[in-house]
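Trainee: The amino acid sequence is not available; the structure is as follows:
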């Protein structure tokens, strides 16, 4: 084998080895981010109970040896929290909570609470609401409305019923009449 072929084979071998090493490192990093987010959520469940709703968890980066996450959740007793979580390893997890006191006294606050619950339920990007009038029943409010939203490059729509219990300050959303409409198209001029 002449020198050119040996050099070419050597270069190809180095490229293959470097690609394998880089891929392994990237996969290992992603697994570490995933595993630490699980440790974070396990600690939140220990602190606030097994049943949580509207849970979000976003990776905020790594500082020194600490992986950082943030998000929000709602507990079984309808309390809403934002949190910051710092994870070194499975046994070193710190979570800082901030309870969000949701105002429900005005119609505007109730609409915002209904929108927030709907967004957490269907995780959409953009939306357009058609509101019906709010109805009051004893210590609760009910609003039925329609939402058209884009999610994962598609436009869909649902009817939404939002029920707000003023006694326990709970906001419950139900969806019906789901219509999968069309793919989002870029506007052509």
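Mentor: On my side now, so go ahead. The structure displayed is predicted, hence computed values, not measured ones.
Trainee: which residues of the protein score low on pLDDT?
Mentor: Low-confidence segments of the chain (pLDDT under 70): 1, 123-125, 127, 151-152, 178-189.
Trainee: What count of nearby residues applies to the nearest residue to residue 48 once chain neighbours are set aside?
Mentor: Nearest non-adjacent residue to residue 48, counting by C-beta to C-beta, 6 or more residues apart in numbering: residue 75, 5.1 Å away. Quick note: C-beta positions are derived from backbone N, CA and C, even for glycine. Neighbour count for residue 75, taken as other C-beta atoms under 10 Å: 16.
Trainee: what's the answer for residue 163, then?
Mentor: Neighbourhood size, residue 163 [other C-beta under 10 Å]: 17.
Trainee: Over to the one 5 residues further on?
Mentor: Applying other C-beta under 10 Å, we find 10 residues neighbouring residue 168.
Trainee: before we move on, which element is it in?
Mentor: Assigned by DSSP states H and E, residue 168 belongs to no helix or strand.
Trainee: contacting residues for the closest residue to it other than its chain neighbours?
Mentor: Setting aside the residues directly before and after it, residue 168 is nearest to residue 78 in space (C-beta to C-beta, 6+ apart), at 5.7 Å. Neighbour list for residue 78: 168, 169, 170, 171 [criterion: C-beta atoms under 8 Å, 6 or more residues apart in numbering].
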